[in-house]
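Trainee: Sequence and predicted structure, then a few things I'm wondering about:
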Amino acid sequence: MPPCKKAICAENLKMYILIREDTPVNIVPLIASHTAVGTYKKFAHHIEMKYWFETDLQKTVICKVNAKTFEKSKEYGDYFALTEIHHLELGELGLGFNVTSEPPKFFKFLKLYKIEEK
């Protein structure tokens, strides 16, 4: 395990996953998990991602956003975009951002994803 550097201590690192609110609820777990794996693969060579992966995978923030916020969030750093799965033609459904200890302030105002039970 790499030594904890002040700027990248595991207790500070979080991965942000954004899910479009119009994503069918029955595939949200699939979208979230595939986005997380894709994000890891894209950023696996970054020291922050390596440290996070080896120490604390639990710090993942999953947010539910509208289409406008989904598109705007792309301005806040490099990301992984999960596009349609197999036969579904829904476009981009999930965005994953490299782990960070200092997320953009924009992210702090996003709503956590909660599945509403009927």
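Mentor: That came through, no problem.
Trainee: For Lys114, which non-adjacent residue is closest in space?
Mentor: Lys64 (7.4 Å; Cβ to Cβ, 6 or more residues apart in numbering). Just so you know, the C-beta spots here come from the backbone N, C-alpha and C atoms, and that holds for glycine as well.
Trainee: so that neighbour touches Ile19, yeah?
Mentor: Yes: under the criterion of Cβ atoms under 8 Å, Lys64 makes contact with Ile19 at 5.7 Å.
Trainee: and for the two, which residues touch both?
Mentor: Tyr113 (Cβ atoms under 8 Å, 6 or more residues apart in numbering).
Trainee: pLDDT averaged over the one helix or strand the residue nearest to Lys114 maps to - what is it?
Mentor: Taking DSSP states H and E as the criterion, Lys64 maps to strand 60-65. For strand 60-65, mean pLDDT is 96.
Trainee: In its sheet, which strands sit next to it, and in what direction?
Mentor: strand 14-20 (parallel), strand 111-112 (antiparallel) (DSSP bridges).
Trainee: and among those, the most buried is which?
Mentor: Highest mean neighbour count among the strands paired with strand 60-65 (mean count of other Cβ atoms under 10 Å): strand 14-20, with a mean of 23.
Trainee: Return the residues in contact with Ala67.
Mentor: Contacts for Ala67 (Cβ under 8 Å, 6+ apart) come out as 20-22.
Trainee: Format these as JSON lines; extra columns: distance to Ala44.
Mentor: Supplementary listing: the contacts of Ala67 in JSON lines, determined by distance: Cβ to Cβ, whole Å:
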{"residue": "Arg20", "distance to Ala44": "25"}
{"residue": "Glu21", "distance to Ala44": "29"}
{"residue": "Asp22", "distance to Ala44": "30"}
